[in-house]
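Student: following is a predicted model, sequence given first.
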Amino acid sequence: MTILGWAGLAFAAVTGYGVYSFNRLVRLRNQALAAWSDVEVQLKRRHDLLPKLVEAVRRHAAYERSVLEEVTRLRAETAGARGGPERKAVPEGRLGEAVQRLLALAEAYPELRADRGFVRLQREISEVENDLQHARRFYNGAVRLLNTRIDSFPDLLLARVFRFRPMAYFQLEGDG
């Protein structure tokens, strides 16, 4: 084989690897964006359930006004938070903690524990919290894979040329 043949073969190999690496970066970025969308769906489900939960507790636990007001305030605050994980993490973490305090009120009010509507809402909010945790873990895993590729040689060369940027993790307050 001539030098020209070897050069052509090397060019084809480098080009092929470049296309493969670019497509892998695009796939990882799209996977992370889709995972973030799943997180946002779970956050919306949580936000939609909270007014019903607050109302159910309000009917039985009128003396717990501060907790009810805090959940309502934090829900409004998180609903107003726009952007990605770095902007939503702190308010969503606080809201999650407030929801747990609200659910813990049921222990102090036997009539609340006996209310079928509250029990159903409590079960639904627990499911949403579990789904949110799973969606958040999947998102963070997708972000980890993308960020590793963006920071790894030789993919970092393509990532810089095509302006791939690392994505932020969704760490809630209290996460390690």
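Tutor: The structure has been received and is ready for your questions.

Student: what sits against residue 73?
Tutor: By CB atoms under 8 Å, 6 or more residues apart in numbering, no residues touch residue 73. Bear in mind the C-beta positions are built from the backbone N, C-alpha and C, glycine included.

Student: let's have the chain start at 821 instead
Tutor: Sure thing, new numbering starts at 821, so read that last one as residue 893.

Student: report the separation between it and residue 917.
Tutor: Separation of residue 893 from residue 917 (CB to CB, to the nearest Å): 13 Å.

Student: check residue 931 too.
Tutor: 25 Å.

Student: who's more crowded, those two?
Tutor: Neighbour tally, residue 931 and residue 917, criterion other CB atoms under 10 Å: the higher count belongs to residue 917, 15 against 11.

Student: ok, that one to residue 947 distance?
Tutor: 18 Å.

Student: look up how far residue 987 lies from residue 919.
Tutor: 26 Å.

Student: likewise residue 952?
Tutor: 18 Å.

Student: what about residue 939, neighbour count?
Tutor: Residue 939 has 14 nearby residues by other CB under 10 Å.

Student: just residue 992 next, same as before
Tutor: When neighbours are counted by other CB under 10 Å, residue 992 comes out with 19.

Student: what strand or helix carries the residue nearest to it when sequence neighbours are not counted?
Tutor: Nearest in space to residue 992, with sequence neighbours left out and distances taken as CB to CB, 6 or more residues apart in numbering, is residue 913 at 3.6 Å. In the assignment (DSSP states H and E), residue 913 maps to helix 905-924.

Student: how far off centre is the helix or strand that that helix is followed by?
Tutor: With elements assigned by DSSP H and E, the helix or strand that comes after helix 905-924 is helix 930-934. The chain centre lies 33 Å from the centre of helix 930-934; the measure is CA atoms, centre = their mean, to the nearest Å.

Student: same check on stretch 975-994?
Tutor: Using CA atoms, centre = their mean, the offset of stretch 975-994 from its chain centre is 15 Å.
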